[in-house]
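Engineer: below: sequence and its predicted model.
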Amino acid sequence: MKFRALAAAAALTLGGLAFTAPAFAAAPTIAKINNTANGEAGYFVNDNGSTRIRDVQASTVVTPQMENLNGVNLLGGTGVELCNDNTGDAAQLGLEWTGTAFTVEYGYTPHFAQLTAPAASATNPDPDPCAEGGLLNGGTGISFPNSFIPAIGDTIHFEVYYNPKGNHTHSLKFLAEDVTQDITRVQTVQVPEMDFYEAGVGVLTDGQTLTGGPVNLVNAFTGTSFNWYGNKGAAPDSILSSSWDTEMADFVNASNQVTLSPNASLNSAGTGFSDYEGSTSP
């Protein structure tokens, strides 16, 4: 997916209607990862050493800012991810911009080679490819059969669900729903056995050249949740659940200035946040 950085105010006009970013309370102190090239701007959780994650869900409204990032050809998407930073198992689902229209694509990779984290350094001794590795398969996603074309102003719901059924049958379910158009597409694929210890929600890109601080609204996420093994019949957990070690990821430029970020805008319930971006000039 490609995005366009616009010097727009937080209140957008969508089809003649005003769309204003939800007012979110400040998040509690959460560990951060600063991406400098590839990776995620949003929130991700890991299993906190106690379980595995099998489901991630979130909704967002399509905005004009989700088009060409910086006006240059940088791959990126907005959506959700399941991942294992140890083995490289990963599944992604999100909204992309083709240059003329929006499309929804998914991807999955057992033991990925394409998604890699930066080298360890004194300031980042334990890089995480799930949050710092960018897009799967070089950004070549898979379109749903009989897919739909989301429009600006549409509410899109994403879900990736891993089903380990039996000893040898395992599957990933990718669900994308355009709530506004009342269209749902589901694709289930058979995969090798996987373990997902991390899950994320946000903007995922293979690079950005923003220079200004993150003051322009890209999009807002709502209904964000994660579910884990053994949680039968119970409601999914929010980003801030004690089940998770929660971290925030954003992008910084060469001057160490934050340029693409959720801006610590996670709501008090841990179910929603907004991503903001800078401009191509300070």
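Structural biologist: Structure received. Numbers count the residues shown, from 1 in each chain.
Engineer: OK, contacts around N146?
Structural biologist: Each residue near N146 by Cβ atoms under 8 Å, 6 or more residues apart in numbering is listed here: R185. C-betas here are computed from N, CA, C, even on glycine.
Engineer: buried stuff in stretch 45-61?
Structural biologist: Within stretch 45-61, the residues scored as buried using 16 or more other Cβ atoms under 10 Å are 45-47, 52-61.
Engineer: so where do the helices sit in the stretch 1-150 of the chain?
Structural biologist: For the stretch 1-150 of the chain, helices defined by DSSP state H, counting those that start in this stretch occupy the ranges 129-132.
Engineer: give me the pLDDT value at M66.
Structural biologist: Note for M66: predicted pLDDT of 87.
Engineer: quickly list what the residue lying closest to R54 once chain neighbours are set aside is bridged to.
Structural biologist: Using Cβ to Cβ, 6 or more residues apart in numbering and skipping residues adjacent in sequence, the residue nearest R54 is Y162, 4.7 Å away. In this entry, Y162 is beta-bridged to L172, by DSSP bridges.
Engineer: how far away is Y162 from T60?
Structural biologist: From Y162 across to T60, the span is 22 Å (Cβ to Cβ, to the nearest Å).
Engineer: how about M66?
Structural biologist: From M66 over to T60 (counting by Cβ to Cβ), the distance is 9 Å.
Engineer: list residues touching both of these two?
Structural biologist: Common neighbours of M66 and T60 are listed as 78, 95, 219 (criterion: Cβ under 8 Å, 6+ apart).
Engineer: show me which positions of stretch 32-45 end up buried.
Structural biologist: Neighbour count says stretch 32-45 has 33-35, 38-45 buried, by 16+ other Cβ under 10 Å.
Engineer: can you tell me the closest non-neighbouring residue to D275?
Structural biologist: That would be V218: by Cβ to Cβ, 6+ apart, it lies 4.3 Å from D275.
Engineer: count of residues packed around A122?
Structural biologist: Neighbourhood size, A122 [other Cβ atoms under 10 Å]: 5.
Engineer: quick check: phi and psi at it.
Structural biologist: phi -60, psi -30 (degrees, to the nearest 10).
Engineer: related to what we said a few turns ago, let's have the buried residues of stretch 32-45 in JSON lines, adding distance to A90 and pLDDT.
Structural biologist: Shown next, in JSON lines, are the buried residues of stretch 32-45 (distance: Cβ to Cβ, whole Å; pLDDT from 0 to 100):
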{"residue": "I33", "distance to A90": "16", "pLDDT": "89"}
{"residue": "N34", "distance to A90": "21", "pLDDT": "90"}
{"residue": "N35", "distance to A90": "16", "pLDDT": "89"}
{"residue": "N38", "distance to A90": "13", "pLDDT": "85"}
{"residue": "G39", "distance to A90": "13", "pLDDT": "89"}
{"residue": "E40", "distance to A90": "12", "pLDDT": "91"}
{"residue": "A41", "distance to A90": "17", "pLDDT": "93"}
{"residue": "G42", "distance to A90": "15", "pLDDT": "95"}
{"residue": "Y43", "distance to A90": "17", "pLDDT": "96"}
{"residue": "F44", "distance to A90": "12", "pLDDT": "93"}
{"residue": "V45", "distance to A90": "15", "pLDDT": "93"}
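Engineer: quick check: the farthest pair among the residues you listed?
Structural biologist: Using Cβ to Cβ, the buried residues of stretch 32-45 reach their maximum pairwise distance at N38 and V45, which is 19.8 Å.
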